[in-house]
Each structure stands twice: as C-alpha cells, then as structure tokens.
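Asker: test case, fold it:
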Amino acid sequence: LGHLAVQYAKIAGATVAAVDISDEKLRLAAELGADLVIDARKEDVGAVLKEHGGAHAAVALAVNEDSFAAVNSGLRRGGKLVMVALPAHGTIQVPIFDTVLNGTSVIGSIVGTRQDLAEVFELHAAGRTKVIYETRPLDTVNDSIDEVLRGEVRARIVFDFGAAG
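Answerer: Numbers count the residues shown, from 1 in each chain. Below you'll find the predicted structure:
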C-alpha cells in the first residue's frame, strides 16, 4: 500500500515523507516521488518530521506498533494519525498530554468508497500511477505470506494460478 499512498499523496499535491526500514523500499518511495525518505533504523522519525514542520497527516501502513508511535510523534499541531494497518497485538499507546495539548487526532480507515475506487482506476488508466508487483506461482503462497509478514516484499504479489514454482 505504501507505494500507492506515495503516488496518491503526490497527485493530491502533498509533500510526502516516506518512512521504512528497508533500503529497497526507501529507494522505491524516492523513485515514486517522496520528497523526504526517513530510515527508521537510523533516524528518529518523529524528530525528522518535526524538523520539517511536522506532519499534517501520517498514514500508518506498517503492521508494527512502533511505527504507529513513531509517526504519531512527528505530527504537527492539529495533525492526524490515520491507522490503516492492523498490527498483531491490536493496540497502540497514545500519549494523552501530547494529543490533548497539540490537538492531534487518531482515526481509523479500512476502506474507501466506490467513488474512491473509481477515481483510483481513473488515475491508473490515465497513467498517473504505477502498481509495483511481482507475479509468483500459487504454490509459493505460504513462503510469500512469510515474506510479507517479515516486511521483505517490495510492494504487491500477484499469484498465477496456472504456474508452478
């Protein structure tokens, strides 16, 4: 989802900061137009975002509670943390004082509307977005899921029901 989120945000006119722990995904984000890439292995995500004025919105797409906390700490006054990913433990800690004093919000978003989907298709048909994917045989599904859970998949995986690995 991250590679698409970068593209949609750029089309909407946003300045985009991409955060990851993978060199390949950070390179991809930069190639797709991210204005700032933050390596969460080496940098304090919240501090870097604050150095750039803080995020108006942070869309949390990584299935890791720490990633939610990192981007939440980089919100500007009135910023919004939009939770999309579903971390295994299902909870995050929200600092009450920072949330109240800075007027930040935490919201969830799992799906778009039919109109959103139609607009996504229109953007892709017009050549304004690029879906990054790799095709794999269906019999690799278990290994592929393990790779997704380890965060090792570059973007999307499409399974070919007719191919064997």
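Asker: hey, let's count contacts and neighbours off CA atoms from now on
Answerer: Noted.
Asker: please enumerate the helices of the protein.
Answerer: In the chain, the helices defined using DSSP state H lie at 2-11, 23-31, 45-51, 65-72, 96-102, 114-125, 141-149.
Asker: out of the ones you listed, deepest packed?
Answerer: helix 65-72 (a mean of 21; mean count of other CA atoms under 10 Å).
Asker: what pLDDT does Ala88 get?
Answerer: As predicted, Ala88 sits at a pLDDT of 80.
Asker: isn't it right next to Asp66, touching?
Answerer: No: counting by CA atoms under 8 Å, Asp66 is not a contact partner of Ala88; they are 11.8 Å apart.
Asker: just the CA atoms of the worst-scoring helix or strand of the chain on mean pLDDT, as PDB, please.
Answerer: None of the helices or strands of the chain scores lower by mean pLDDT, DSSP states H and E than helix 141-149, at a mean of 88. Output of helix 141-149 as PDB, limited to C-alpha atoms (Å, rounded to 0.1, in the frame of the first residue of the first chain):
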ATOM      1  CA  VAL A 141       1.800 -18.700  -1.200                       C
ATOM      2  CA  ASN A 142       3.000 -19.800   2.200                       C
ATOM      3  CA  ASP A 143       6.500 -18.600   1.700                       C
ATOM      4  CA  SER A 144       5.200 -15.400   0.200                       C
ATOM      5  CA  ILE A 145       3.000 -14.700   3.200                       C
ATOM      6  CA  ASP A 146       6.000 -15.300   5.500                       C
ATOM      7  CA  GLU A 147       7.900 -12.700   3.400                       C
ATOM      8  CA  VAL A 148       5.100 -10.200   3.700                       C
ATOM      9  CA  LEU A 149       5.000 -10.700   7.500                       C
END
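Asker: contacts for it, please.
Answerer: Contacts with helix 141-149, where a contact means CA atoms under 8 Å, 6 or more residues apart in numbering, come from 153, 157, 159.
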